[in-house]
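Peer 1: Here is a sequence with its predicted model. Questions after.
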Amino acid sequence: MCDQPVRNTNEVRWQKVLYKRQPFPDNYVDQRFLEELRKNIYARKYQYWAVVFESSVVIQQLCSVCVFVVIWWYMDEGLLAPLWLFGTGLASSLIGYILFDFIDGGKGRKKSGRTRWADLKSALVFITFTYGFSPVLKTLTESVSTDTIYAMSVFMLLGHLIFFDYGANAAIVSSTLSLNMAIFASVCLASRLPRSLHAFIMVTFAIQIFALWPMLQKKLKACTPRSYVGVTLLFAFSALGGLLSISGVGAVLFALLLVSVSFLCPFYLIRLQLFKENIHGPWDEAEIKEDLSRFLS
Amino acid sequence: MVLKVFFPTCCTSAESGLLVGRWVPEQSSAVVLAVVHFPFIPIQVKELLARVQQAGRVGLAVLGTWCHCRLQEPEEGLGRFLEGLGAIFTHEPWLQLCRERGGSVWSCKALGWPMSPGAPSPAPVMLIFYDQRHVLLSQLHTPATLPDPQAGDAPPSVGGLAAVFDTVARSELLFRSDRFHEGPVQLSHWQSEGIEASILVELAKQASGPTCLMLSFLLSLLSAVGACRLFRLWPLPFICSKLSTCEQARHRLGHLTFLFSPRKAESPVQLMRKVNVFFSLLLDVALGLALLAWLRAENCIGQLADALVPVADCVAEELQHLLQWLMGAPAGLKMNRALDQVLGRFFLYHIHLWISYIHLMSPFVEGILWHVGLSACLGLTVALSLLSDIIALLTFHIYCFYVYGARLYCLKIHGLSSLWRLFRGKKWNVLRQRVDSCSYDLDQLFIGTLLFTILVFLLPTIALYYLVFTLLRLLVVAVQGSLHLLIDLINSLPLYSVGLRLCRPYRLAAGVKFRVLDHEAGKPLRLLMQINPLSYSRVVCTYRLPSCGCRPRLSWSALCRKLFFGELIYPWRQKAGKQD
Amino acid sequence: MACRTEAEPSRRPLDALACTSTEECPTAPTGSHSVCMVSDFFYPNMGGVESHIYQLSQCLIERGHKVIIITHAYGNRKGVRYLTNGLKVYYLPLKVMYNQSTATTLFHSLPLLRYIFVRERISIIHAHSSFSAMAHDALFHGKTMGLQTVFTDHSLFGFADVSSVLTNKLLTVSLCDTNHIICVSYTSKENTVLRAALNPEIVSVIPNAVDPTDFTPDPRQRKKDMVTIVVISRLVYRKGTDLLCGIIPELCLKYPDLNFIIGGEGPKRIILEEVRERYQLHDRVRLLGALEHKDVRNVLVQGHIFLNTSLTEAFCMAIVEAASCGLQVVSTRVGGIPEVLPESLIILCEPSVKSLCQGLEKAIAQLKSGELPTPEKIHGVVKTFYTWRNVAERTEKVYDRVIGEAVLSIDQRLDRLMSHCGSVTGCIFALLAVFNILFLIFLRWITPDSLIDVAVDASGPLSSWPLPQCSPRDKMNPHSNEDSET
């Protein structure tokens, strides 16, 4: 096959078809070889500040975890009156609830079809169950050593941060798992507090900060991006301040983390885009771009 | 095809005469059963054959002639006469078997063989000698798998062998006449020697009929009483099904009815089974009586009764210690203190109840034991089942603990597994039998996770209690299980068959083997057929009596799975009853 | 037709009879090769690779070469079996890990494979399918033993995700010192060249083939007053079953005389059933479930139009089979599909419900107006395109070329591995190659090559197999053969 002389391509042009017997050897390489190769056709161009804005979701979540831990520490040390925390939490929840409906003028509520009565019922269920179980929570982890509990909580909070739905479309994201891990961690931590009332208030606070606050955030981000940036900054500074009152080193480290997440990482993302080399061609598995679920649901 | 002639060894020294037997065309073999001596009247021979044929439903015929030439006795005339007989008794092929010169030379000719006219030379003939007595008495067990091709030189197929055995067994009537019998036709064949013993057998046969009838009547009366309505009321059948004594008694009753049923055993297998049942019963009762005698002689019952109550007390005390250990911090495990206390107190109260029950019982223990000892005369198995029941009753508190622990643990495991699915945002889809993802409400998630956390932290406590009580329970079950194994062994061992195999190996044939006696060119190949006895394992396999308690149906992996998921493990007998 | 032997133990006396010492053994004449096909995928497993190996081997035997096949044991089918015309198949006792592919440690198969290569006097190792671990093992060991290696790639891979990055790396390692590579289409060639960073000169394109006599048209089986669309594929995501779920309701609502026949089984079957239930199409959409290869033709001839919705495909035998049965083919324009059939026989669409529906509507319109050529005519055109004899001829040329090449010596091979596959991977695999060579030396010390019995050839120039008496038609039909054997 190699010894066959390659004939003049002007007379017989090579065709990229298999059904014709062509006068070329089987290993013939035409000029058109790889002509359908494309590079980086799906690569996106990122704007630096847009990426920084998007990173605020991560900042918020990091700050939530930080605030939660700080509050727990205050409670554990007895520096924070539980009733005061409860009152503040209740008040901010009410404000948030009103804000939640106020921002989009009740459109979201109409869309989901959820009544206020259902909201009230949910709130009642939270309160009753948490209050009822708080004595159990108190004695639950008595015999387990504190270090185990801390390790477990750290593990769970990390899991919460990893699985949280930051808006990326990846298989690892599971908001349910993320929320459950946060609740698990809060129950573990709450069980170390001195009294069952403390435990009750701690778990309530966890629900507020891990379940309700992200919902409000999402809405804020979608409707009023400006105020969202403000809220994020405020939240970040308050978390930093809280941490500073416990440990200076921790606060510095946390500040570094926040800065690197919000400013350094976007910078690297955009820099590394330049090195992207993604090969595409006819061999790629085709993507189904339409939404086919309408035929099924 | 080679013509095979099966010739009984007892006829080798018979006088010249006619060969009587059966022709099996499928195997191209002739089974010679007897030799009819001179002189005879052909009509009478035919009559005799017809009689045997009718009795045994087997196609007998005169196959040919037998010529036994004594030392240097030229009997030219006889030979010609024998040839002439072929005209009277027509048979294809007509065999001419000859033993000459003091038995060292055998010759055999087959006229009219091969059947197909085109074949050139007469086909070779193979003479196979067989011991008529062995073949008559033995029972051929056709192998389940194909026979090993190296077993014999020229093995007839299993079907062929079966035909030979069958022919001999069916023509038993032919062998009834003995040596001293003065009949019109003189036969030479195997003859039984123990005439005197056979009179006893006859007498026993005569007597067995009425005995069986009477006993079976008694038994049916007994079972009628057992079936009466009073015993059908709710708690009784339930309790009976749980008590191994009742099961064993019922099993034995079934054996007796089977044994004394007036119907004749239809097949040799059934007959063998009857005899096996009889011997197993006999052994059982003998062992039981021995046990009873020993118990009476040594005054064991009294000692046992004295020891029993302290032992039960001691067990309860040990259990109390165990519980107290569990209520502390056993092996440094991190148990939930509150739950631990609750469970521990509950079980302690249970033991307290149990001890008072035992003390209430203590005056009557000796009487009870004495009656139990009496039951040994019904058989060792009944006594053993009773023992197993007593153990079950005495360890009832362990059973209770186990059930509580298992139920609690099972609930916990199931709750945890479904909450774990909720924790991951999944749920079990019952319709499709798979795990689907599902979006839960916030309050569902919260309550689920709260419960999940609580259950996770309580799991070690409950698992430990479950583990300890399960181990205790398994110990009891193991003891009961070994008792039941013993009972099953006595129940199902085919004693008679094994004995038969030991003393009369030829009675149970697995097949045959051939030994070459003599092979000369131009003469028929002479083989001796010997019976291959059945192996012991196959004897036990074939004649095993059905045991009443089922073997554990659970495999080890299934058992472990059940233990892990906290499903209840029953001892074997209850399990079998449940499945029925 | 087929006969089987009970494998290993029985072959010794035969071998001893055949040749007692190596110098007595006549050597094969030049021009004929001893080829060993290695793949995890072979009968009784069914699929494209399996039939490719079988048909190619048969045609090579017909051309006078010696061919044996090595695969792993399937259930109780183990040991050595002989198929039609003395095609010897070794079913090796190796553990299956996933999807019929064996687990590999890169070393554990060396003793067995070396023994077979030596006793069969193999000169060329021809491995199939990049999914087959055994094929890669055989390539690796073959190079260690200094044999010529050829590899046929049957599939396409992307470059985007993590798993393909890893598998492409492994393919690079496996193919960097392989003598020649065969791909089934030009697209597949481009893909393989990119994935394994190969010189395109050592990659030949030899398409698959279809036995046209197995796929003959029979228009009487079609329903006169109906238009029937046939789909035959495994019901998995890669075959575009999701697209099919969109097409069925769309077209069924539009054309009341339209029927679907769907053959094949897979995890996506459930969504087809859901669609059928939702739109009440039970009488118009028939789900046949898994089809045996011999039934495919009988299903194909019942239809007017064949629909292929694959999202990726290296060659796609299904559309050739359908066209050979005289059906109008409508297919997605992915992978090597545009190269397979001329424009006149196929309607190519984009992989979307809309485009495929348009294509099908065009086909239906042509059918109703009678513009389509008759099935016999289509069959007459298609049957000349792909034949196994042609494939075998072209493969033979590859063998001729390969046998003339020098096998890389150890140092060259290590050099090549290190320079070609990146520093880290290259070094690791160079180390593994060294281990493999040491292992081979150890094995040669334990049982020297001269002690290994030489097997009797069942195919090739020195074949002791009775001459083929059956017609070529018989030979080309593996399915009846398999049936008679099992």
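Peer 2: Okay, I see it.
Peer 1: show me where the stretch 1-150 of chain A has strands.
Peer 2: Ranges of strands in the stretch 1-150 of chain A, per DSSP state E, counting those that start in this stretch, are A:38-39.
Peer 1: Which residue comes closest to the one residue in it that gets nearest to chain C once chain neighbours are left out?
Peer 2: Using CB to the nearest CB, the single residue of the stretch 1-150 of chain A nearest to chain C is residue A:26, 3.8 Å away. The way it works is simple: take the backbone N, C-alpha and C, and place the C-beta from them, glycine included. Counting by CB to CB, 6 or more residues apart in numbering or on different chains, residue A:26 lies nearest to residue C:204, which is 3.8 Å off, once chain neighbours are set aside.
Peer 1: name the element the residue of chain C found nearest chain B belongs to?
Peer 2: Minimum separation of chain C from chain B (CB to the nearest CB) falls at residue C:270, amounting to 8.3 Å. Following DSSP states H and E, one finds residue C:270 within helix C:269-278.
Peer 1: Tell me if that helix is near chain A.
Peer 2: Yes - residues of helix C:269-278 are located near chain A by CB under 8 Å from any CB of the partner chain, namely C:271, C:274-275, C:278.
Peer 1: Quick check on those: which are buried?
Peer 2: Among the residues of helix C:269-278 next to chain A, those buried by neighbour count (16 or more other CB atoms under 10 Å in any protein chain shown) are C:271, C:275.
Peer 1: hang on, residue B:483 in a helix?
Peer 2: Yes - with DSSP: H, G, I helix; E, B strand; the rest coil as the criterion, residue B:483 is assigned to a helix.
Peer 1: I'd guessed it sits against residue B:387; true?
Peer 2: Yes - proximity of residue B:483 to residue B:387 meets the contact threshold set by CB atoms under 8 Å, at 6.4 Å.
Peer 1: which residues sit in contact with residue C:433?
Peer 2: C:140, C:143-144, C:413-414, C:417 (CB atoms under 8 Å, 6 or more residues apart in numbering or on different chains).
Peer 1: The helix or strand where it lies - what's its average pLDDT?
Peer 2: For residue C:433, the host element (DSSP H and E) is helix C:423-446. For helix C:423-446, mean pLDDT rounds to 93.
Peer 1: same deal with stretch C:232-246?
Peer 2: 90.
Peer 1: from chain A, which residue is nearest to chain B?
Peer 2: Closest residue of chain A to chain B, CB to the nearest CB: residue A:176 (3.0 Å).
Peer 1: Validate this expectation: residue B:402 resides in a helix.
Peer 2: Yes - assessed with three-state DSSP, residue B:402 lies in a helix.
Peer 1: what sits against the residue nearest to residue A:26?
Peer 2: Residue C:204 touches A:1, A:25-27, C:180-183, C:394, C:398, counting by CB under 8 Å, 6+ apart.
Peer 1: got a winner among those residues for most neighbours?
Peer 2: residue C:183 (28 neighbours; other CB atoms under 10 Å in any protein chain shown).
Peer 1: Test my guess that that one contacts residue C:155.
Peer 2: No - contact between residue C:183 and residue C:155 fails when scored by CB under 8 Å: they sit 9.9 Å apart.
Peer 1: what residues are shared contacts of those two?
Peer 2: residue C:314.
Peer 1: Next, count neighbours for the nearest residue to residue B:394 once chain neighbours are set aside.
Peer 2: Excluding the flanking residues, the one nearest residue B:394 by CB to CB, 6+ apart is residue B:312, at 6.0 Å. Residues near residue B:312, counting by other CB under 10 Å, number 21.
Peer 1: Residue B:358 is in contact with residue B:312, correct?
Peer 2: Yes - with contacts defined as CB under 8 Å, residue B:312 counts as touching residue B:358 at a distance of 4.9 Å.
Peer 1: sec struct for the residue nearest to residue A:26, please.
Peer 2: Judged by three-state DSSP, the three-state class of residue C:204 is strand.
Peer 1: Name the residues linked to it by a beta bridge.
Peer 2: residue C:182 (DSSP bridges).
Peer 1: Okay, and residue C:281 sits in which element?
Peer 2: Residue C:281 belongs to no helix or strand, assigned by DSSP H and E.
Peer 1: Go ahead and confirm it touches residue C:253.
Peer 2: No - using CB under 8 Å, residue C:281 is not in contact with residue C:253, being 9.6 Å away.
Peer 1: These two - which one has more neighbours?
Peer 2: The residue with more neighbours, out of residue C:281 and residue C:253, is residue C:281; 18 against 11, by other CB under 10 Å.
Peer 1: Tell me the spacing between the more buried one and chain A.
Peer 2: 12 Å (CB to the nearest CB, to the nearest Å).
Peer 1: Kindly report the same for residue B:140.
Peer 2: The spacing between residue B:140 and chain A, counted by CB to the nearest CB, is 68 Å.
Peer 1: Chain neighbours aside, what residue packs nearest to residue B:397?
Peer 2: residue B:354 is the one closest to residue B:397 (CB to CB, 6+ apart), at 4.3 Å.
Peer 1: How far does the helix or strand containing that neighbour sit from its chain's centre?
Peer 2: Per DSSP H and E: residue B:354 is located in helix B:337-361. Taking CA atoms, centre = their mean, to the nearest Å, one finds helix B:337-361 lying 47 Å from the centre of the chain it belongs to.
Peer 1: does the closest residue to chain C within the stretch 301-450 of chain B sit in a helix, a strand or a coil?
Peer 2: Evaluated by CB to the nearest CB, the stretch 301-450 of chain B has residue B:432 as its residue closest to chain C, separated by 8.3 Å. Counting by three-state DSSP, the backbone at residue B:432 sits in coil.
Peer 1: that older thread, would you mind confirming that the residue of the stretch 1-150 of chain A closest to chain C makes contact with residue C:395?
Peer 2: No - using CB under 8 Å, residue A:26 is not in contact with residue C:395; the gap is 9.2 Å.
Peer 1: Now list whatever residues contact both of those two.
Peer 2: What both residue A:26 and residue C:395 touch, as defined by CB under 8 Å, 6+ apart, is the set residue C:206.
Peer 1: list the contacts for the closest residue to chain A within chain B?
Peer 2: Closest residue of chain B to chain A, CB to the nearest CB: residue B:425 (3.0 Å). Applying CB under 8 Å, 6+ apart, we find residue B:425 in contact with A:174-177, A:180, B:437-440.
Peer 1: top of the residues you listed by neighbour count?
Peer 2: Going by other CB under 10 Å, residue A:180 tops the contacts of residue B:425 with 29 neighbours.
Peer 1: What helix or strand is it located in?
Peer 2: Assigned by DSSP H and E, residue A:180 falls within helix A:175-190.
Peer 1: send the alpha carbons of that helix over as CSV?
Peer 2: Taking only C-alpha atoms (Å, rounded to 0.1, in the frame of the first residue of the first chain), the coordinates of helix A:175-190 have been written out as CSV:
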residue,chain,number,x,y,z
SER,A,175,-28.4,21.8,48.6
THR,A,176,-30.3,19.2,50.6
LEU,A,177,-27.2,17.5,51.7
SER,A,178,-25.5,20.8,52.4
LEU,A,179,-28.3,22.0,54.6
ASN,A,180,-28.6,18.7,56.4
MET,A,181,-24.9,18.7,57.2
ALA,A,182,-25.2,22.2,58.6
ILE,A,183,-28.1,21.2,60.8
PHE,A,184,-26.2,18.1,62.0
ALA,A,185,-23.2,20.3,62.9
SER,A,186,-25.4,22.7,64.7
VAL,A,187,-27.1,19.9,66.7
CYS,A,188,-23.7,18.5,67.6
LEU,A,189,-22.5,21.9,68.8
ALA,A,190,-25.8,22.8,70.5
